[in-house]
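**Student:** pasting the sequence and the predicted model now:
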Amino acid sequence: MDMSEDTTDDFAKVLHHVLHPPTSNRRDPRAVRLSAATAALIETVHERRRQGGDGSTDDPLPAELFLCALTALQGTLSSASDAADRGVGGQDVTATQQPLLEIIRLTASFVSSHNATLYVGQFTVLGRTLRGATTAAVQTHDVHETGDGLGGINALLRQVIRTSAASLAALSNATVHGAALGSKVEKDALRLFHVAILSQFDDSRAKVRREAHASALELLSTTRFAGEQIGEYARTVLQSVVKSGDAAAALGGEGDDRYGKVMHLLSFLERAMSILSTSIVVQLGEVVVGLVASIVASSKSVGGGGGSGGDQSVTAQARMAGAAISCLVAAVERGDNNEYDGYNTNTETGEEDGTETRQFASRVLASLLQLNIPTLGKECRPAYARCLVSCCCALIASTADGVADPASAAVATKLLPLTASTLVELSDRDAGVADATCAELGRWVRSCLAVVSSSVPADDAATKSVSGCIEALNKLM
């Protein structure tokens with residue numbers, strides 16, 4: 001259990017900060033409870049040393065504090081179960097669990113770095129305990145807020161999510177430091193990820209949901225499995241809507257839980273697209289394009305029904321289409337400049353990765369131009385305009401940067417006139433979104449039309465394309 005001097009100093013600073021909070025936090029009930037719980041655990045460590053024949057009262061090592069906190073947390077779950085059986089509230093148990101979870105979160109990375117085998121050996125117990133804490137928190141409804149400012153079940157659930165994410169990241173760190181994961185530990189890690197994090201993605205409580213999203217984003221860059229699991233989860237949720245054949249019927253509107261689940265997922269994916277591997281991004285992107293097509297098809301039937309109910313449903317579908325298209329924008333704009341260097345499961349070279357991204361951009365551009373998206377409503381038009389321009393930029397930039405990808409450049413050149421006509425139509429359709437769409441039109445002229453125009457008159461295809469673009473732009477004049 002020897003630790004390097006630098007790591008010992010780092011842990012000593014963390015421990016001192018917990019035991020002696022800054023002046024600004026000394027009246028914070030959470031800081032006070034964390035300090036008291038840590039001091040009690042240190043006494044337990046010293047007692048265990050005495051029982052083992054070592055009377056040292058030095059500061060505990062991270063592994064010692066980690067194991068004591070884990071044992072204590074297991075005890076609180078038993079107490080919570082007993083309280084539930086007696087039909088009494090679990091407020092005291094809830095207040096006790098929070099500092100123990102935070103101590104585990106703070107010590108996990110230190111233990112996995114310098115006691116990697118020990119940490120992996122304890123992970124099955126840790127995962128089972130955290131899953132139990134998650135389940136107990138989700139099923140408890142009688143403690144909303146405590147009277148001492150420590151927070152209630154919502155705060156506890158957010159703490160469980162943070163600790164679970166830190167524990168999973170530490171498990172990945174343990175492999176870097178030489179520990180081997182057995183199949184049981186890997187399965188325990190997946191179960192913990194699903195129970196503590198993925199299951200909270202569509203929680204009705206905004207703070208809990210945001211905590212789950214933030215933890216998932218963190219794990220995307222620190223673990224190997226998170227990207228694959230998130231990709232599979234997202235595809236399952238979105239394909240259930242696409243396969244229904246009628247988005248309006250499958251998603252009842254803004255008051256429908258299913259609608260909220262999809263919107264929350266799309267919001268998360270927009271941020272995750274820059275971190276996920278290219279292969280997963282492309283797979284998700286294809287499903288998102290299918291979702292947009294399904295929304296467009298269903299909006300026609302809803303719009304034809306008339307009445308305020310139909311109008312509200314169309315508005316909801318337009319917002320969902322806008323959120324879906326924003327995901328596509330994030331996927332396309334990551335382009336060749338994706339600097340992600342974490343646990344990317346994509347084994348392709350950088351050149352192959354860029355080719356796959358450009359091919360995906362060409363499919364998105366062609367698909368969106370075929371859909372009558374402007375009829376959905378103004379809520380999705382700015383995102384639609386940005387997506388069209390970003391796709392064109394991704395395809396044409398390869399030529400401008402000297403990348404030999406004539407197929408991508410040919411697709412972009414061929415579709416430029418139709419893109420110009422669509423952007424002009426968007427700019428002229430609704431004054432409320434004219435500024436945003438005109439800004440994208442200006443970007444398109446600078447980044448796309450100017451590049452293609454440089455090939456005139458040597459390239460017949462470019463000459464024909466530029467002529468079509470100028471004809472479309474004249475309508476705006």
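**Tutor:** Looks like it arrived, so ask away.

**Student:** separation between Y119 and A170?
**Tutor:** 6 Å (CB to CB, to the nearest Å). Using the backbone N, CA and C atoms, a C-beta is placed for each residue, glycine as well.

**Student:** now do the shared contacts for the two.
**Tutor:** Common contact partners of Y119 and A170 (CB atoms under 8 Å, 6 or more residues apart in numbering): 108, 111-112.

**Student:** inside helices: which ones of those?
**Tutor:** Judged by DSSP state H, helices contain the following of those: 108, 111-112.

**Student:** TSV for those, including pLDDT and neighbour count?
**Tutor:** Output for those, formatted as TSV (pLDDT from 0 to 100; neighbours: other CB atoms under 10 Å):
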residue	pLDDT	neighbour count
A108	97	27
V111	96	25
S112	96	29
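
**Student:** return the closest of the residues you listed with respect to S56.
**Tutor:** V111 (19.2 Å; CB to CB).

**Student:** would you mind giving the secondary structure of the residue at the greatest distance from the centre of the chain?
**Tutor:** Here the chain reaches farthest from its C-alpha mean at G53, the gap being 48.7 Å by CA atoms, centre = their mean. With DSSP: H, G, I helix; E, B strand; the rest coil as the basis, G53 sits in coil.

**Student:** which parts of the helix or strand harbouring S390 are buried?
**Tutor:** Assigned by DSSP states H and E, S390 belongs to helix 381-400. Buried residues in helix 381-400, defined by neighbour count with 16 or more other CB atoms under 10 Å: 381-399.

**Student:** right, and out of the ones in helices among the shared contacts of Y119 and A170, which lies closest to T375?
**Tutor:** A108 (52.0 Å).

**Student:** that closest one: what's it in contact with?
**Tutor:** A108 touches 66, 119, 163, 166-167, 169-170, counting by CB under 8 Å, 6+ apart.

**Student:** ok so, going back, TSV for the ones in helices among the shared contacts of Y119 and A170, including distance to N25?
**Tutor:** Formatted as TSV, these follow (distance: CB to CB, whole Å):
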residue	distance to N25
A108	22
V111	25
S112	27
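
**Student:** between these, which is closest to V242?
**Tutor:** Among those, A108 lies closest to V242 (CB to CB), at 39.1 Å.

**Student:** what's the helix or strand for the residue lying closest to the closest one once chain neighbours are set aside?
**Tutor:** Spatial nearest neighbour of A108, chain neighbours left out: A170 (3.9 Å); criterion: CB to CB, 6 or more residues apart in numbering. Here A170 sits within helix 153-176, counting by DSSP H and E.

**Student:** buried residues, that helix. List them.
**Tutor:** Neighbour counts over helix 153-176 (16+ other CB under 10 Å) mark 153-174 as buried.

**Student:** now stretch 219-228
**Tutor:** Counting neighbours by 16+ other CB under 10 Å, stretch 219-228 gives 219-220, 222-223, 225-228 as buried.

**Student:** of the residues you listed, which belong to helices?
**Tutor:** Among the buried residues of stretch 219-228, the residues falling in helices (DSSP H) are 219-220, 226-228.

**Student:** just flag the most distant two among the residues you listed.
**Tutor:** Pairwise distances across these (CB to CB) peak at 11.5 Å, for the pair L219 and E228.

**Student:** in this structure, which helix or strand is least confident?
**Tutor:** Ranking every helix and strand in the chain by mean pLDDT, DSSP states H and E puts helix 247-250 at the bottom, with a mean of 54.

**Student:** over to the residue farthest from the centre of the chain: give its phi and psi.
**Tutor:** Backbone torsions of G53, given as degrees, to the nearest 10, read phi 90, psi 10.

**Student:** ok, now G55?
**Tutor:** Dihedral angles for G55 - degrees, to the nearest 10 - are phi -90, psi 20.

**Student:** tell me the SS of the residue lying closest to it once chain neighbours are set aside?
**Tutor:** In space, and not counting its chain neighbours, G55 is closest to R49: 6.7 Å by CB to CB, 6+ apart. What three-state DSSP gives for R49 is helix.

**Student:** now R49: how far from T38?
**Tutor:** R49 is 17 Å from T38, where distance means CB to CB.
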